[in-house]
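1. predicted model follows, preceded by the sequence.
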Amino acid sequence: MAKYTEDQLVSWTKPPSDSEQTKLENSERMVRDAINSDEKLKKKSTETFGQGSYANNTNVRLNSDIDINVRYTGGYYFNLPPDVTEEDVNIAHIESSGYSYSEFKDDVETALVNKFGRSEVVRNDKCITVKANTNRIETDVVPTWNFRRYSKNGSYVLGAKFWSDKGKATVNYPKQHIENGVNKNSNTYRRFKRLTRLHRKLRYKMIDDGENVSDNITSFLLECLVWNVPNRIMNDNDSWTERLKESIVYIYEQTKDEETCKEWGEVSELLYLFVGRKWTYQDVNSYMVLLWNHLEY
């Protein structure tokens, strides 16, 4: 007999309560107000939007934190393919904005301190955290710049780039992630996000039960793994027990060997899932065995 009943699995596919959702929305609104009311930043071109599990509607835990992207859109960083020049994509004549990423991050921190108070704001290596209180949950604010990834034909996809205080650069594509997740959710009768929540909830359960879950198995990784599960597994089964079982078997079989998962992408489909990451396909394969045994299948 399996460890969890179908009713338990169904309950874990659901999003947080309405009150929790209200706290999340309050956090996003207050950060946006802080940026829009700041005397320096309101003269700059910026946009503020949610990203991560909250924005993707795949968060599962009460009091889970929220990620807010504050993006400077008055300039951009870029990447060119080999043998393509700035002249080729018609950007060689564009002058520097005269405003650096580090200045922008400092300005965002100042705006948050002016809004919430110095004691409520903590600057971390990658983000700036606004502490939780009775009206909001902990909020990680990530200042970013526009980033253009050019193709040989001169077109580009627009992402976000930021640097940690220690100097490590990160590029991601949060808006493409959100859009692709919405489309897959629609194509699976809203089961993609439910199955993602189920996998995330089980990871928390395993950690709470003292299972030896690797730190490399992150919530973000689990969403990307479910993204790579074929829609048929979500659409052709009648229970969450079967959908969960088949998703574990599929991910396990495909991550036995690098060859069968090397083309897997993030949800954005603009970055490879197993290239340059803290996790490996072997980590995922081992985790699927641990999960299967935890479920007592």
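-> It's in. What you see is a predicted model, and the numbers here were worked out from it, not measured in a lab.
2. with adjacent residues omitted, what lies nearest to Asp67?
-> Sequence neighbours aside, Gly52 is the residue nearest to Asp67 in space, at 3.6 Å (criterion: CB to CB, 6 or more residues apart in numbering). Yep, even glycine has a C-beta here, placed from its N, CA and C like the rest.
3. tally of neighbours for the one you found?
-> Residues near Gly52, counting by other CB atoms under 10 Å, number 22.
4. for it, give its distance to Arg194.
-> Note on Gly52: its distance to Arg194, by CB to CB, to the nearest Å, is 18 Å.
5. next one: Arg149
-> 32 Å.
6. between the two, which is the more surrounded one?
-> Legend: neighbour count by other CB under 10 Å for Arg149 and Arg194, higher for Arg194 (22 against 19).
7. can I assume the more buried one sits in a helix?
-> Yes. Looking at Arg194 with DSSP: H, G, I helix; E, B strand; the rest coil, it is inside a helix.
8. quick one: residues contacting the closest residue to it other than its chain neighbours.
-> Nearest in space to Arg194, with sequence neighbours left out and distances taken as CB to CB, 6+ apart, is Thr13 at 3.7 Å. By CB atoms under 8 Å, 6 or more residues apart in numbering, Thr13 lies in contact with Arg194, Leu195, Arg197, Leu198, Trp240.
9. can you give me the pLDDT of the residue nearest to Asp67?
-> Gly52 carries a pLDDT value of 80.
10. could you do Asn63 as well?
-> 53.
11. make 44 the first number, not 1, from now on.
-> Sure thing, new numbering starts at 44, so read that last one as Asn106.
12. give me the phi and psi for Glu302.
-> Glu302 has phi and psi values of phi -60, psi -30 when expressed as degrees, to the nearest 10.
13. count of neighbours near it?
-> 9.
14. before we move on, what SS does His190 have?
-> One correction, residue 190 is Phe, not His. At Phe190, secondary structure determined by three-state DSSP is strand.
15. that one and Ala203 touch, don't they?
-> Yes. With contact defined as CB atoms under 8 Å, Phe190 counts as touching Ala203 (5.8 Å).
16. between those two, which contacts overlap?
-> With CB under 8 Å, 6+ apart as the test, Phe190 and Ala203 both reach Val214.
17. avg pLDDT for the top strand by length along the chain?
-> In the chain, taking DSSP state E as the definition, the longest strand is strand 109-122. Across strand 109-122, pLDDT averages out at 92.
18. packing partners of that strand?
-> helix 61-80, strand 89-94, helix 95-98, helix 144-159, strand 182-193, strand 199-206 (3 or more CB pairs under 8 Å, 6 or more residues apart in numbering; DSSP states H and E).
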